[in-house]
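Colleague: predicted model, plus sequence, below.
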Amino acid sequence: MSYSGSLTAQQDIYWQQEANYRMEIDFDVKTHRYEGKQWIEYTNNSPDTIYRVFYHLYFNAFQPGSMMDVRSRSLPDPDPRVRDRISKLKPDEIGYQRIVSFKSNGNELPVFTEETIAEIGLKEALAPGETREFYLGFEAQVPLQIRRSGRDNREGIDYSMTQWYPKLCAYDEDGWHPNPYVGREFYGNWGSFDVKISIDKKYILGGTGVLQNAEELGYGYSDARKKPKGRTATWHFKADRVHDFAWAADPDYQHIVHQVPDGPVLHLLYDKSVENPEYWELLPYKLDTVWRYIEDNFGPYPYSQYSILQGGDGGMEYPMATLITGNRPMGSLIGVTVHELMHSWYQGVLGTNEARYAWMDEGFTSYASARIMKQINDPGSDRNPFAGTYIGYRKFAETGAEEALSIHADHFLTNRAYGVGSYVKGAIFLHQLGYIVGQDVLNRILLRYYNDWKFKHPNDDDFVRIAEEESGMVLDWYQEHWIYSTRVIDYAIDTVYNTEVGVTVELANRGTMPMPLDILVRYSSGDEIVYNIPLRMMRGSKQNDYPGKMFDTMSDWPWVYSQYSLSLPGQLEEIESITIDPESRMADIDPENGQWPVQEEAEGNK
């Protein structure tokens, strides 16, 4: 039986807010402080009347006693980059952002600030469909680099400028999202950025957007950069259809410009003292080898350029740019770059609310990165690039500390539960979905998801509806078990025996999560047949996605039954082996009990 739904009604009522930023920044590198003017053209596309607005002031988290500081010191496994470092910051090392004035419709309005969130009540409410300009003046101090943002990171990069400006909080069908900054994820409105940064002229900048005055600055035109007159230079960037803006600055940046064939221009900025500059020089050519594969499988990159900037504290994605640490072996440098690049798809273009659906960002990115790294390292092999991912999940599931992926990113009880859930279990969600619906169908799902929801804010329901339409199956059960619970998969072969009409394989569901099964039977004749057992509640079944093997779909398995009898032709003596999930795409916590003969018997018979 097949199933089909429709996205039409949902798409007809979909709306999202728009926020177009214009900013002018005056940066003092001696004090690590800056002043800014910001104008936001905000369009209320919602059906709601808005009476107040909220802004993120992220740098205020980097002060002793902040929520981020207390949270880090309270966790049983704090991020080693943070630990108790915030509590030890001196006054000239802390971060702060202060809104010194705010105007709407020419009215000066009071600003109420609680640490990393500012709230402003509007004197005149913003009606549905109305566009209004908000102006604010602000001042800030760059904190010592601890997490993502800051000055003087461990590799000597002067400024990693992320979460650096007052950012209007997102408003969607669930209302405002003024989440305090305690260290996790981000969510923002789509719009444009027009940013002018005036800074000491010895500094070289890179970041989100396209530099508008490169020739004036001598940037990228020759090794001997022009020196603008006066003490400062103004860098002017523009970016359209993005939801954030990041930049980095250092006087010793080396700059590589590289044109990807049939792709964007890459800008690589790294410190001249980086340990292996030859790795940075080789890096863009490694991306050349997989760019077509990326776009064919995950959708076209929609911007004209992408910047890879040495900075930050590891790897962190932003629209059209990433900050990564640079003193790495070549494999690590490629790996972190590929991962952060793929965030341009699963966060940069598909602007999911990361705080609520971190697994849709980190997990989908990790899935794509694993496939891409295989293309780079061993494209012709049959190596499973997710083998380590599944091992990591099983080990953590055994600890009992796993938490459901539906938990807000800031509310996990441990960093490890967040990390394994968002990155590992999120990646398995997709790879295992390919097991359920077939890899070709999964590939179609991913492309349609990208094309239908680019430059929007999709959630898990939006993805599952597309998966249902492309597969012809009902998949809410998969969403419910894998995302909203910590139930586990454990299917076993209980017994195998001859009958008068053939061979019976008694299968058992020993876990708490139902799944369809692929069972590979190898016969002594050399034949290999995959028997697919759909779940009845799927209302459908996949096609053969095992090249070179015969494929047969059996009767459905109702999920309430703990046992299932599979009837095979022939006699037991004609069968060499029986294996549940022969390609290890199902996250079964005990795959050993899904084999016959059991491993010890098989070795003893040799």
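Modeller: That came in fine, so what should we check first?

Colleague: need the longest helix for the chain.
Modeller: Of all segments of type helix in the chain, defined using DSSP state H, the longest is helix 277-298.

Colleague: and that one, what does it pack onto?
Modeller: strand 253-259, strand 265-271, helix 330-343, helix 364-377, helix 439-453 (3 or more CB pairs under 8 Å, 6 or more residues apart in numbering; DSSP states H and E). Every C-beta, even on glycine, is put in place using the N, C-alpha and C of the backbone.

Colleague: report the secondary structure state of the residue lying closest to Ile86 once chain neighbours are set aside.
Modeller: Excluding its sequence neighbours, the residue lying closest to Ile86 (CB to CB, 6 or more residues apart in numbering) is Asp69, at 3.9 Å. Asp69 falls in the helix class when you classify it by DSSP: H, G, I helix; E, B strand; the rest coil.

Colleague: quick one, what contacts Asp69?
Modeller: For Asp69, the contact set (CB atoms under 8 Å, 6 or more residues apart in numbering) comprises Ala61, Gln63, Asp84, Ile86, Ser87.

Colleague: from these, keep the buried residues only.
Modeller: Ala61, Gln63, Ile86 (16 or more other CB atoms under 10 Å).

Colleague: of the residues you listed, closest to Asp296?
Modeller: Using CB to CB, Ala61 is the member of these that lies nearest Asp296, at 40.2 Å.

Colleague: center of this structure, which residue is that?
Modeller: Asp361 (2.5 Å; CA atoms, centre = their mean).

Colleague: for it, which three-state class applies?
Modeller: Following three-state DSSP, the label given to Asp361 is helix.

Colleague: for Leu216, give me phi and psi.
Modeller: Actually, residue 216 is Glu rather than Leu. Phi and psi for Glu216, reported as degrees, to the nearest 10, are phi -60, psi -40.

Colleague: that one against Lys229, yeah?
Modeller: No: between Glu216 and Lys229 there is no contact under CB atoms under 8 Å: 10.9 Å.

Colleague: look at these two and report which has more neighbours.
Modeller: Glu216 (14 against 8; other CB atoms under 10 Å).

Colleague: from Asp452, how far out is that one?
Modeller: Applying CB to CB, to the nearest Å, the value for Glu216 to Asp452 is 41 Å.

Colleague: thinking again about what came up before, just the C-alpha atoms of the longest helix of the chain, please, in PDB.
Modeller: The C-alpha trace of helix 277-298 is given here as PDB (Å, rounded to 0.1, in the frame of the first residue of the first chain):
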ATOM      1  CA  PRO A 277      51.200  27.100   5.000                       C
ATOM      2  CA  GLU A 278      51.500  24.600   2.200                       C
ATOM      3  CA  TYR A 279      48.400  22.900   3.500                       C
ATOM      4  CA  TRP A 280      46.400  26.100   3.200                       C
ATOM      5  CA  GLU A 281      47.700  26.500  -0.400                       C
ATOM      6  CA  LEU A 282      46.600  23.000  -1.300                       C
ATOM      7  CA  LEU A 283      43.200  23.200   0.500                       C
ATOM      8  CA  PRO A 284      41.200  24.900  -2.300                       C
ATOM      9  CA  TYR A 285      42.300  22.400  -4.800                       C
ATOM     10  CA  LYS A 286      41.000  19.600  -2.600                       C
ATOM     11  CA  LEU A 287      37.600  21.300  -2.600                       C
ATOM     12  CA  ASP A 288      37.700  21.500  -6.400                       C
ATOM     13  CA  THR A 289      37.700  17.700  -6.600                       C
ATOM     14  CA  VAL A 290      34.300  17.400  -4.800                       C
ATOM     15  CA  TRP A 291      32.500  20.600  -5.600                       C
ATOM     16  CA  ARG A 292      30.400  19.000  -8.400                       C
ATOM     17  CA  TYR A 293      29.600  16.000  -6.200                       C
ATOM     18  CA  ILE A 294      28.400  18.400  -3.400                       C
ATOM     19  CA  GLU A 295      26.100  20.300  -5.700                       C
ATOM     20  CA  ASP A 296      24.800  17.200  -7.500                       C
ATOM     21  CA  ASN A 297      23.900  15.600  -4.200                       C
ATOM     22  CA  PHE A 298      23.000  18.400  -1.800                       C
END
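
Colleague: tell me the SS of the closest residue in space to Asp313 that isn't next to it in sequence?
Modeller: The spatial neighbour of Asp313 that comes closest, neighbours along the chain excluded (CB to CB, 6+ apart), is Arg81 at 5.1 Å. Here Arg81 is recorded as coil under three-state DSSP.
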